[in-house]
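Peer 1: the following comprises the amino acid sequence and a computationally predicted model.
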Amino acid sequence: MDLFNTELTANRLPFDGEVYYYGPIMSIVQAQDYYEKLLENVEWENDKAIIFGKLIITKRKVAWYGNKPFNYTYSKTTKSALPWNKELLELKKLVEQKTGGTFNSCLLNLYHSGEEGMAWHSDGEKDLKKNGAIASLSFGAERKFAFKHKQTKQNVSIQLVKGSLLVMKGETQIHWLHRLPPTKKVKTPRINLTFRTIEL
Ligand SMILES: O=C(O)CCC(=O)C(=O)O
Ligand SMILES: [Fe+2]
């Protein structure tokens, strides 16, 4: 466990959950290098979701990797996890060092520009470990990430810089929604990796 880092990182949520923003956990040069390698070496696909009974193909691209070919059901569509590649294994180890936790899978998102985002949701899928930590690494364009409390509607937002780590844990997914708001200001791509624990 990286006590030094953890102790200097305050919980960003006022109640009902825990969100820790570590800031960059690697150099800008390393973050740029990972960004390029992930763009190239990840098997990106357009995401399919069934919303109000209609099949929607999103502009945002996604990928799903894991220790085993876990099936992951997300917006009523199912994907089977691919085996880790070199960069993803390195990043998984780095995130495990920083957080003191372990993860067995990763959902990746590629947003081509600020016009692509992700709507309000929480990551409470049934195969995800209950109240397990979700560790989110960001590369490429800096974007705002927002939380909204399900009852009080209170908002918290965090600017996610390249090479940065954000961890959501405890009851965060029960009480808070999160989203990546679209923005006209950002013209370049962002890659996000969310490391998770699947329990079958
Ligand atoms: O792109 C992000 O920062 C968050 C993505 C997210 O919330 C998710 O994949 O569940
Ligand atoms: Fe999420």
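Peer 2: Received it, and whenever you're ready, just let me know what you need. Residues are numbered from 1 along each chain as shown. Ligands and ions are numbered 1, 2, ... in the order given.
Peer 1: ok, now how distant is residue 88 from residue 24?
Peer 2: 19 Å (Cβ to Cβ, to the nearest Å). For glycine as for every other residue, the C-beta is placed from the backbone atoms N, C-alpha and C.
Peer 1: let me fix that, I meant to ask about residue 108.
Peer 2: In terms of Cβ to Cβ, residue 108 sits 19 Å off from residue 24.
Peer 1: neighbour count winner among the two?
Peer 2: It is residue 108, of residue 108 and residue 24, that has more neighbours when counted by other Cβ atoms under 10 Å, with 20 against 14.
Peer 1: just list whatever residues bridge to that one.
Peer 2: Going by DSSP bridges, residue 108 is paired in beta bridges with residue 63, residue 193.
Peer 1: show me which residues of stretch 133-148 are buried.
Peer 2: 133-141, 143-148 (16 or more other Cβ atoms under 10 Å).
Peer 1: what values do phi and psi take at the residue of the chain positioned farthest from its centre?
Peer 2: With distances taken from the mean C-alpha point of the chain and given as Cα atoms, centre = their mean, the most distant residue is residue 53, at 25.8 Å. Backbone torsions of residue 53, given as degrees, to the nearest 10, read phi 80, psi 0.
Peer 1: and if you look at residue 97?
Peer 2: Per degrees, to the nearest 10, the backbone of residue 97 is at phi -60, psi -50.
Peer 1: give me the neighbour count for the closest residue to residue 162 other than its chain neighbours.
Peer 2: Using Cβ to Cβ, 6 or more residues apart in numbering and skipping the chain neighbours, the partner closest in space to residue 162 is residue 31 (4.5 Å). Neighbourhood size, residue 31 [other Cβ under 10 Å]: 19.
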